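>>> from the sequence below, what's the structure:
(one chain, ligands or ions: 1)
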Amino acid sequence: MELNLTNLQTNQPQSHTKIEDVIVLGAGPAGLSAALYAARAELSPLVLTGMSLGGQASLTHSIENYPGFPDGVGGSELGELFQKQAERFGARYEYDSVTDVDFSKHPFIIKTYSQEFKTRSVIISTGASPNLLNIPGEKSLTGRGVSYCGTCDGWFFKEKKVVVVGGGDSALEEGLFLTRFASSVTVIHRRDQLRAGKILQTRAADNPKMNFIWNSVVKEIQGEAAVTGVVLENVLTGEQSVFPTDGVFVFIGHTPNTEMFRNKVDMDEHGYIFANSKMETSRPGIFAAGEVMDSTFKQVVVSAGMGAAAAIQATRFLEENE
Ligand SMILES: Cc1cc2nc3c(=O)[nH]c(=O)nc-3n(C[C@H](O)[C@H](O)[C@H](O)COP(=O)(O)OP(=O)(O)OC[C@H]3O[C@@H](n4cnc5c(N)ncnc54)[C@H](O)[C@@H]3O)c2cc1C
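The predicted structure follows:
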(Lines give C-alpha, C1' and ligand atoms only; values in the text may rest on other atoms or scores of the structure.)
Protein backbone atom coordinates (compact mmCIF):
# COMPACT_ATOMS: atom_id res chain seq x y z
CA MET A 1 0.00 0.00 0.00
CA GLU A 2 1.48 3.33 -1.01
CA LEU A 3 1.28 6.15 1.52
CA ASN A 4 1.56 9.86 0.96
CA LEU A 5 4.06 10.48 3.74
CA THR A 6 4.08 14.28 3.32
CA ASN A 7 0.65 14.32 4.89
CA LEU A 8 1.99 12.81 8.10
CA GLN A 9 3.65 16.13 8.91
CA THR A 10 0.54 18.24 8.30
CA ASN A 11 -1.99 16.17 10.23
CA GLN A 12 -3.86 15.67 6.97
CA PRO A 13 -5.27 12.20 6.29
CA GLN A 14 -2.78 9.91 4.55
CA SER A 15 -3.98 9.75 0.98
CA HIS A 16 -3.44 6.39 -0.72
CA THR A 17 -2.75 6.65 -4.44
CA LYS A 18 -3.70 3.05 -5.18
CA ILE A 19 -7.24 2.59 -6.48
CA GLU A 20 -8.86 -0.38 -4.74
CA ASP A 21 -11.30 -2.67 -6.55
CA VAL A 22 -13.62 -2.91 -3.59
CA ILE A 23 -13.66 -1.49 -0.08
CA VAL A 24 -15.93 -3.15 2.46
CA LEU A 25 -17.14 -0.81 5.19
CA GLY A 26 -17.72 -2.76 8.42
CA ALA A 27 -16.61 -6.15 9.73
CA GLY A 28 -19.78 -7.75 11.06
CA PRO A 29 -21.32 -10.87 9.49
CA ALA A 30 -22.31 -8.91 6.36
CA GLY A 31 -18.93 -7.24 5.85
CA LEU A 32 -16.86 -10.34 6.58
CA SER A 33 -18.98 -12.51 4.25
CA ALA A 34 -18.68 -9.85 1.57
CA ALA A 35 -14.92 -9.85 2.14
CA LEU A 36 -14.78 -13.65 1.76
CA TYR A 37 -16.67 -13.62 -1.54
CA ALA A 38 -14.76 -10.62 -2.90
CA ALA A 39 -11.47 -12.25 -1.87
CA ARG A 40 -12.40 -15.49 -3.62
CA ALA A 41 -13.14 -13.40 -6.73
CA GLU A 42 -9.49 -12.24 -6.41
CA LEU A 43 -10.45 -8.64 -5.74
CA SER A 44 -8.21 -8.42 -2.66
CA PRO A 45 -10.88 -6.47 -0.73
CA LEU A 46 -9.90 -3.91 1.87
CA VAL A 47 -12.13 -4.08 4.96
CA LEU A 48 -12.43 -1.02 7.19
CA THR A 49 -13.52 -2.69 10.40
CA GLY A 50 -14.72 0.18 12.58
CA MET A 51 -14.59 -0.45 16.33
CA SER A 52 -15.85 -4.01 16.37
CA LEU A 53 -14.37 -6.90 14.44
CA GLY A 54 -17.22 -9.40 14.25
CA GLY A 55 -19.90 -6.76 14.75
CA GLN A 56 -22.89 -7.20 17.03
CA ALA A 57 -22.67 -10.97 16.72
CA SER A 58 -19.44 -10.86 18.71
CA LEU A 59 -21.32 -9.28 21.62
CA THR A 60 -23.38 -12.34 22.34
CA HIS A 61 -22.23 -15.35 24.30
CA SER A 62 -23.70 -18.04 22.08
CA ILE A 63 -25.37 -18.15 18.68
CA GLU A 64 -27.60 -21.18 18.33
CA ASN A 65 -29.27 -20.45 15.02
CA TYR A 66 -26.35 -20.07 12.62
CA PRO A 67 -26.41 -23.14 10.34
CA GLY A 68 -23.48 -25.54 10.56
CA PHE A 69 -23.05 -25.32 14.33
CA PRO A 70 -25.48 -27.85 15.84
CA ASP A 71 -24.16 -27.16 19.35
CA GLY A 72 -24.10 -23.38 18.89
CA VAL A 73 -21.03 -21.19 18.54
CA GLY A 74 -19.64 -18.31 20.58
CA GLY A 75 -20.43 -14.94 18.99
CA SER A 76 -16.85 -13.68 19.02
CA GLU A 77 -15.59 -17.11 17.91
CA LEU A 78 -17.88 -16.97 14.86
CA GLY A 79 -16.57 -13.48 14.02
CA GLU A 80 -12.97 -14.73 14.22
CA LEU A 81 -13.79 -17.68 11.97
CA PHE A 82 -15.39 -15.36 9.40
CA GLN A 83 -12.35 -13.09 9.53
CA LYS A 84 -9.80 -15.90 9.16
CA GLN A 85 -11.67 -17.46 6.26
CA ALA A 86 -11.73 -14.19 4.29
CA GLU A 87 -8.09 -13.49 5.19
CA ARG A 88 -7.04 -16.88 3.84
CA PHE A 89 -8.20 -15.79 0.37
CA GLY A 90 -6.61 -12.34 0.49
CA ALA A 91 -8.91 -9.97 2.39
CA ARG A 92 -7.05 -7.13 4.11
CA TYR A 93 -8.15 -5.34 7.28
CA GLU A 94 -7.69 -1.77 8.48
CA TYR A 95 -8.79 -1.12 12.06
CA ASP A 96 -10.22 2.27 11.26
CA SER A 97 -13.66 3.92 11.01
CA VAL A 98 -15.19 5.68 8.04
CA THR A 99 -15.88 9.34 8.76
CA ASP A 100 -16.92 10.61 5.32
CA VAL A 101 -17.39 9.44 1.75
CA ASP A 102 -17.55 11.06 -1.68
CA PHE A 103 -19.66 8.97 -4.04
CA SER A 104 -20.20 11.83 -6.51
CA LYS A 105 -17.24 10.91 -8.71
CA HIS A 106 -15.44 7.75 -9.78
CA PRO A 107 -13.24 6.38 -8.24
CA PHE A 108 -15.14 6.86 -5.00
CA ILE A 109 -13.38 8.37 -2.00
CA ILE A 110 -13.56 6.92 1.50
CA LYS A 111 -12.20 8.93 4.42
CA THR A 112 -11.33 7.61 7.86
CA TYR A 113 -9.90 9.48 10.85
CA SER A 114 -6.38 9.22 9.44
CA GLN A 115 -6.54 7.96 5.87
CA GLU A 116 -8.16 8.52 2.51
CA PHE A 117 -8.82 5.70 0.05
CA LYS A 118 -9.94 5.52 -3.58
CA THR A 119 -12.01 2.63 -4.82
CA ARG A 120 -13.98 1.43 -7.83
CA SER A 121 -16.75 -0.08 -5.73
CA VAL A 122 -17.97 -0.05 -2.15
CA ILE A 123 -19.95 -2.45 0.02
CA ILE A 124 -21.59 -0.65 2.92
CA SER A 125 -22.08 -2.99 5.87
CA THR A 126 -21.68 -0.73 8.87
CA GLY A 127 -24.57 -2.43 10.70
CA ALA A 128 -26.36 -0.86 13.60
CA SER A 129 -25.71 0.42 17.13
CA PRO A 130 -27.81 -0.02 20.28
CA ASN A 131 -30.43 2.60 21.04
CA LEU A 132 -30.00 4.55 24.24
CA LEU A 133 -32.74 5.25 26.77
CA ASN A 134 -31.72 8.93 26.83
CA ILE A 135 -32.71 9.40 30.45
CA PRO A 136 -30.95 11.06 33.42
CA GLY A 137 -28.13 8.93 34.81
CA GLU A 138 -27.64 6.81 31.70
CA LYS A 139 -24.55 8.53 30.27
CA SER A 140 -22.80 9.24 33.55
CA LEU A 141 -23.29 5.65 34.80
CA THR A 142 -22.36 3.85 31.56
CA GLY A 143 -19.52 1.53 32.54
CA ARG A 144 -20.51 1.95 36.20
CA GLY A 145 -23.47 -0.37 36.08
CA VAL A 146 -25.16 0.66 32.83
CA SER A 147 -24.32 -1.67 29.95
CA TYR A 148 -25.49 -2.61 26.45
CA CYS A 149 -23.81 -6.02 26.40
CA GLY A 150 -24.53 -8.81 28.89
CA THR A 151 -21.86 -11.06 27.41
CA CYS A 152 -19.19 -8.39 27.85
CA ASP A 153 -20.12 -7.16 31.33
CA GLY A 154 -22.11 -9.96 33.01
CA TRP A 155 -19.09 -11.20 34.93
CA PHE A 156 -18.97 -7.94 36.94
CA PHE A 157 -22.40 -8.67 38.40
CA LYS A 158 -21.72 -11.87 40.32
CA GLU A 159 -24.42 -12.31 43.01
CA LYS A 160 -25.81 -8.83 42.20
CA LYS A 161 -29.28 -7.71 41.20
CA VAL A 162 -29.65 -6.47 37.64
CA VAL A 163 -32.47 -5.20 35.45
CA VAL A 164 -32.82 -5.74 31.71
CA VAL A 165 -34.75 -3.12 29.74
CA GLY A 166 -36.54 -4.44 26.64
CA GLY A 167 -38.76 -7.28 25.50
CA GLY A 168 -37.25 -8.67 22.29
CA ASP A 169 -34.94 -11.61 21.53
CA SER A 170 -31.77 -9.76 22.54
CA ALA A 171 -33.26 -8.74 25.90
CA LEU A 172 -34.19 -12.32 26.79
CA GLU A 173 -31.05 -13.94 25.36
CA GLU A 174 -28.83 -11.57 27.28
CA GLY A 175 -31.06 -11.71 30.36
CA LEU A 176 -30.80 -15.50 30.45
CA PHE A 177 -27.04 -15.27 30.06
CA LEU A 178 -26.90 -12.83 32.99
CA THR A 179 -28.60 -15.38 35.27
CA ARG A 180 -25.26 -17.24 35.29
CA PHE A 181 -23.80 -14.42 37.36
CA ALA A 182 -26.51 -12.25 38.87
CA SER A 183 -28.62 -13.25 41.86
CA SER A 184 -31.71 -11.95 40.03
CA VAL A 185 -32.51 -10.56 36.58
CA THR A 186 -35.63 -8.42 36.30
CA VAL A 187 -36.91 -7.66 32.81
CA ILE A 188 -38.65 -4.29 32.57
CA HIS A 189 -40.96 -4.06 29.59
CA ARG A 190 -43.22 -1.25 28.46
CA ARG A 191 -45.96 -3.65 27.35
CA ASP A 192 -47.67 -6.65 28.95
CA GLN A 193 -46.31 -9.12 26.38
CA LEU A 194 -42.84 -9.85 25.09
CA ARG A 195 -41.80 -9.61 21.42
CA ALA A 196 -39.17 -12.35 21.87
CA GLY A 197 -39.56 -15.78 20.22
CA LYS A 198 -41.51 -18.53 22.00
CA ILE A 199 -38.49 -20.72 22.85
CA LEU A 200 -36.78 -17.82 24.60
CA GLN A 201 -39.99 -16.84 26.40
CA THR A 202 -40.40 -20.37 27.75
CA ARG A 203 -36.76 -20.53 28.89
CA ALA A 204 -37.10 -17.16 30.62
CA ALA A 205 -40.37 -18.12 32.33
CA ASP A 206 -38.80 -21.39 33.55
CA ASN A 207 -35.69 -19.72 34.96
CA PRO A 208 -36.11 -19.09 38.72
CA LYS A 209 -33.76 -16.08 38.61
CA MET A 210 -35.80 -14.23 35.96
CA ASN A 211 -38.58 -11.83 37.00
CA PHE A 212 -40.74 -9.43 34.99
CA ILE A 213 -42.12 -5.97 35.58
CA TRP A 214 -44.77 -5.25 32.94
CA ASN A 215 -46.21 -2.01 31.54
CA SER A 216 -43.31 0.00 32.91
CA VAL A 217 -40.59 2.31 31.61
CA VAL A 218 -37.35 3.46 33.22
CA LYS A 219 -37.41 7.22 33.78
CA GLU A 220 -34.09 7.65 35.56
CA ILE A 221 -31.03 5.66 36.62
CA GLN A 222 -29.88 6.48 40.14
CA GLY A 223 -26.42 6.32 41.68
CA GLU A 224 -23.24 8.37 42.12
CA ALA A 225 -20.16 6.16 41.66
CA ALA A 226 -22.26 3.14 40.68
CA VAL A 227 -25.87 2.29 39.88
CA THR A 228 -28.08 1.93 42.96
CA GLY A 229 -31.56 1.88 41.46
CA VAL A 230 -33.95 2.87 38.70
CA VAL A 231 -37.02 5.07 38.79
CA LEU A 232 -39.88 3.22 37.10
CA GLU A 233 -43.12 4.60 35.76
CA ASN A 234 -46.16 2.44 35.20
CA VAL A 235 -47.44 3.46 31.75
CA LEU A 236 -51.04 2.59 32.65
CA THR A 237 -51.30 4.42 36.00
CA GLY A 238 -48.45 6.97 35.76
CA GLU A 239 -47.33 5.82 39.22
CA GLN A 240 -43.58 6.12 39.89
CA SER A 241 -41.46 3.91 42.16
CA VAL A 242 -37.78 3.25 42.88
CA PHE A 243 -36.51 -0.26 42.13
CA PRO A 244 -33.11 -0.98 43.73
CA THR A 245 -30.58 -2.61 41.39
CA ASP A 246 -26.81 -2.89 40.86
CA GLY A 247 -26.92 -3.00 37.07
CA VAL A 248 -29.01 -1.83 34.11
CA PHE A 249 -28.73 -3.69 30.79
CA VAL A 250 -30.41 -1.89 27.90
CA PHE A 251 -31.72 -3.80 24.85
CA ILE A 252 -34.28 -1.53 23.17
CA GLY A 253 -33.41 -1.87 19.52
CA HIS A 254 -30.85 -0.46 17.17
CA THR A 255 -30.23 2.46 14.82
CA PRO A 256 -28.37 1.91 11.52
CA ASN A 257 -24.85 3.37 11.33
CA THR A 258 -25.52 5.38 8.17
CA GLU A 259 -25.12 9.03 9.19
CA MET A 260 -22.02 9.49 6.97
CA PHE A 261 -23.96 8.20 3.93
CA ARG A 262 -26.87 10.62 4.33
CA ASN A 263 -27.58 12.42 1.00
CA LYS A 264 -24.97 10.19 -0.69
CA VAL A 265 -27.30 7.18 -1.18
CA ASP A 266 -31.07 6.99 -0.76
CA MET A 267 -32.36 5.86 2.63
CA ASP A 268 -35.63 5.79 4.56
CA GLU A 269 -36.61 8.17 7.36
CA HIS A 270 -35.00 5.88 9.96
CA GLY A 271 -31.66 5.84 8.13
CA TYR A 272 -31.95 2.36 6.56
CA ILE A 273 -30.29 2.40 3.13
CA PHE A 274 -32.52 1.47 0.20
CA ALA A 275 -31.05 -1.47 -1.73
CA ASN A 276 -32.69 -3.78 -4.25
CA SER A 277 -32.49 -7.59 -4.30
CA LYS A 278 -29.05 -7.31 -5.93
CA MET A 279 -27.90 -5.20 -2.98
CA GLU A 280 -27.54 -2.19 -5.32
CA THR A 281 -28.09 1.22 -3.75
CA SER A 282 -29.28 4.32 -5.61
CA ARG A 283 -25.67 4.92 -6.71
CA PRO A 284 -24.10 2.46 -9.23
CA GLY A 285 -21.03 0.79 -7.76
CA ILE A 286 -22.21 1.26 -4.17
CA PHE A 287 -23.77 -1.82 -2.57
CA ALA A 288 -25.31 -2.29 0.88
CA ALA A 289 -25.74 -5.44 2.97
CA GLY A 290 -26.90 -6.43 6.45
CA GLU A 291 -28.49 -4.31 9.13
CA VAL A 292 -27.68 -1.04 7.36
CA MET A 293 -30.49 -1.88 4.97
CA ASP A 294 -32.44 -4.62 6.77
CA SER A 295 -34.87 -3.40 9.40
CA THR A 296 -36.81 -6.68 9.32
CA PHE A 297 -34.73 -9.82 9.87
CA LYS A 298 -31.65 -8.73 11.87
CA GLN A 299 -29.99 -12.12 11.96
CA VAL A 300 -26.42 -13.26 11.43
CA VAL A 301 -27.36 -15.70 8.67
CA VAL A 302 -29.38 -13.07 6.81
CA SER A 303 -26.67 -10.42 7.04
CA ALA A 304 -24.03 -12.94 5.97
CA GLY A 305 -26.13 -13.95 2.96
CA MET A 306 -26.63 -10.34 1.95
CA GLY A 307 -22.89 -9.70 2.27
CA ALA A 308 -22.17 -12.59 -0.08
CA ALA A 309 -24.77 -11.31 -2.57
CA ALA A 310 -23.32 -7.79 -2.44
CA ALA A 311 -19.82 -9.08 -3.20
CA ILE A 312 -21.04 -11.20 -6.13
CA GLN A 313 -22.84 -8.18 -7.54
CA ALA A 314 -19.83 -5.89 -6.96
CA THR A 315 -17.69 -8.40 -8.87
CA ARG A 316 -20.14 -8.28 -11.81
CA PHE A 317 -20.20 -4.48 -11.66
CA LEU A 318 -16.41 -4.34 -11.88
CA GLU A 319 -16.34 -6.80 -14.80
CA GLU A 320 -18.98 -4.82 -16.69
CA ASN A 321 -17.30 -1.48 -16.02
CA GLU A 322 -13.67 -2.44 -16.54
C1 LIG B 1 -26.90 -9.09 22.10
C2 LIG B 1 -27.20 -9.59 20.72
C3 LIG B 1 -27.47 -10.93 20.51
C4 LIG B 1 -27.74 -11.41 19.21
N5 LIG B 1 -27.99 -12.74 19.04
C6 LIG B 1 -28.18 -13.22 17.78
C7 LIG B 1 -28.38 -14.61 17.56
O8 LIG B 1 -28.38 -15.42 18.47
N9 LIG B 1 -28.57 -15.03 16.26
C10 LIG B 1 -28.58 -14.17 15.21
O11 LIG B 1 -28.73 -14.61 14.06
N12 LIG B 1 -28.40 -12.83 15.40
C13 LIG B 1 -28.21 -12.34 16.65
N14 LIG B 1 -28.03 -10.99 16.86
C15 LIG B 1 -28.13 -10.09 15.70
C16 LIG B 1 -26.86 -10.14 14.84
O17 LIG B 1 -25.74 -9.99 15.67
C18 LIG B 1 -26.92 -9.03 13.79
O19 LIG B 1 -28.08 -9.21 13.00
C20 LIG B 1 -25.70 -9.06 12.87
O21 LIG B 1 -24.51 -8.95 13.61
C22 LIG B 1 -25.77 -7.91 11.88
O23 LIG B 1 -24.64 -7.99 11.07
P24 LIG B 1 -24.12 -6.75 10.20
O25 LIG B 1 -22.84 -7.20 9.61
O26 LIG B 1 -25.19 -6.31 9.30
O27 LIG B 1 -23.88 -5.56 11.22
P28 LIG B 1 -23.09 -5.47 12.61
O29 LIG B 1 -22.98 -6.80 13.25
O30 LIG B 1 -23.76 -4.36 13.34
O31 LIG B 1 -21.62 -5.02 12.17
C32 LIG B 1 -21.35 -3.71 11.80
C33 LIG B 1 -19.87 -3.54 11.52
O34 LIG B 1 -19.68 -2.21 11.02
C35 LIG B 1 -18.62 -1.60 11.71
N36 LIG B 1 -18.80 -0.15 11.67
C37 LIG B 1 -19.73 0.61 12.27
N38 LIG B 1 -19.51 1.92 12.01
C39 LIG B 1 -18.43 1.96 11.18
C40 LIG B 1 -17.70 3.01 10.55
N41 LIG B 1 -18.03 4.30 10.70
N42 LIG B 1 -16.63 2.68 9.78
C43 LIG B 1 -16.27 1.38 9.61
N44 LIG B 1 -16.93 0.36 10.18
C45 LIG B 1 -17.98 0.65 10.96
C46 LIG B 1 -18.65 -2.20 13.10
O47 LIG B 1 -17.37 -2.06 13.73
C48 LIG B 1 -18.96 -3.66 12.75
O49 LIG B 1 -17.78 -4.33 12.39
C50 LIG B 1 -27.75 -10.50 18.13
C51 LIG B 1 -27.46 -9.14 18.33
C52 LIG B 1 -27.19 -8.69 19.61
C53 LIG B 1 -26.87 -7.23 19.83
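>>> show me the contacts for Val292.
Shown in contact with Val292 (CB atoms under 8 Å, 6 or more residues apart in numbering): Gly26, Ala30, Ile124, Ser125, Thr126, Gly127, Ala128, Pro256, Asn257, Thr258, Tyr272, Ile273. In this view, the C-beta of every residue, glycine as well, is placed from N, C-alpha and C.
>>> which of those residues lies closest to Leu318?
Set against Leu318, the nearest of the contacts of Val292 by CB to CB is Ile124 (16.3 Å).
>>> next one, pLDDT for Lys264 please.
Here, the pLDDT recorded for Lys264 equals 98.
>>> what sits against it?
Going by CB under 8 Å, 6+ apart, the list of residues near Lys264 reads Val101, Asp102, Phe103, Ser104, Arg283.
>>> ok, 6 Å please
Remark: with contacts taken as CB atoms under 6 Å, 6 or more residues apart in numbering, Lys264 is in contact with Val101, Phe103.
>>> is it in a helix, a strand, or coil?
Assigned by DSSP: H, G, I helix; E, B strand; the rest coil, the conformation of Lys264 is coil.
>>> what would the contacts of Val292 look like in CSV with neighbour count?
As requested, the contacts of Val292 are exported to CSV (neighbours: other CB atoms under 10 Å):
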residue, neighbour count
Gly26, 31
Ala30, 36
Ile124, 34
Ser125, 34
Thr126, 28
Gly127, 28
Ala128, 22
Pro256, 24
Asn257, 22
Thr258, 23
Tyr272, 19
Ile273, 26
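>>> quick check, nearest of the residues you listed to Tyr95?
For the contacts of Val292, the minimum distance to Tyr95 (CB to CB) is 12.3 Å, reached by Gly26.
>>> now that closest one: how far from the ligand?
Using CB to the nearest ligand atom, to the nearest Å, Gly26 is found at 3 Å from the ligand.
>>> just checking, that residue touches Val122?
No: using CB atoms under 6 Å, Gly26 is not in contact with Val122, being 10.8 Å away.
>>> residue contacts, Leu178?
Shown here is Leu178, whose contacts under the criterion CB under 6 Å, 6+ apart are Gly150, Gly154, Val162, Val185.
>>> right, I'll leave it there.
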